[in-house]
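1. Need a 3D model of the sequence below.
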Amino acid sequence: MKAMHPLKGVGVVGGVARGKAMVSATGIAFNLGVDETTGIVIEAGHELERQCIAGRVLVFPGGKGSSAGSFSLLQLASRGLAPCAIVNVQTDAVVAAGAVLAKVPLVHRLVVDPLTEIHDGDLIEVNGDDGTVTLVGAV
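-> You can find the predicted model right below:
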């Protein structure tokens, strides 16, 4: 992410969170792809496999899997293991519902592709109230 000014998108779930980005070009299935008791990605072959999503700004295209993923995101949040925010290229009903339940700020449809502008480890702020994503510090 090169720009210091906020990148405009569409806020889906309100709230403001700041954290280090964890970027995946592959969708995430929260119900079977992330261990609800550890927050670690367990989907075999996923580029984030064996990494913990807790407290990170999770940047990915959108969700995959069944509607149980919404409940899984809520379970992660109840254990303090959810991402602090989510940025999607295009969110879906499962991720959006899970973010609402878990109270995780969610922004999608940025004016730029977040998968090319945001890099692993970038410190970013996600504002779901006004639909912006701002680089706070780069790696």
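2. The strand of greatest length in the chain: what's the following helix or strand?
-> Of all the segments assigned as strand in the chain under DSSP state E, the longest by residue count is strand 16-23. Once the chain leaves strand 16-23, the next helix or strand it forms, by DSSP states H and E, is helix 30-33.
3. Any buried residues in that next one, and which?
-> Within helix 30-33, the residues scored as buried using 16 or more other C-beta atoms under 10 Å are 30, 31, 33. The way it works is simple: take the backbone N, C-alpha and C, and place the C-beta from them, glycine included.
4. For residue 25, list the residues it contacts.
-> Residue 25 makes contact with 47, 60, 61, 115 under the criterion C-beta atoms under 8 Å, 6 or more residues apart in numbering.
5. Please state the offset of the longest strand of the chain from the chain centre?
-> Taking the mean C-alpha point of strand 16-23 and that of its whole chain, the gap between them comes to 8 Å (C-alpha atoms, centre = their mean, to the nearest Å).
6. which other residues reach that strand?
-> 48, 51, 53, 55-60, 83-85, 87, 104-105, 114-115, 118-129, 136.
7. mind checking pLDDT for residue 70?
-> Here the pLDDT value assigned to residue 70 is 95.
8. What residues of the strand or helix carrying it count as buried?
-> Residue 70 belongs to helix 68-78 when elements are defined using DSSP H and E. Of the residues in helix 68-78, those buried under the neighbour-count criterion (16+ other C-beta under 10 Å) are 69, 70, 71, 72, 73, 74, 75, 76, 77.
9. Can you name every helix or strand that it contacts?
-> Using 3 or more C-beta pairs under 8 Å, 6 or more residues apart in numbering; DSSP states H and E as the contact definition, the elements that helix 68-78 packs against are helix 30-33, helix 93-102.
10. after that helix, next one along is what?
-> Proceeding N to C from helix 68-78, the next assigned helix or strand is strand 85-88, under DSSP H and E.
11. low-confidence ranges in this protein?
-> 1-4, 139 (pLDDT under 70).
12. Nice, that's everything, thank you.
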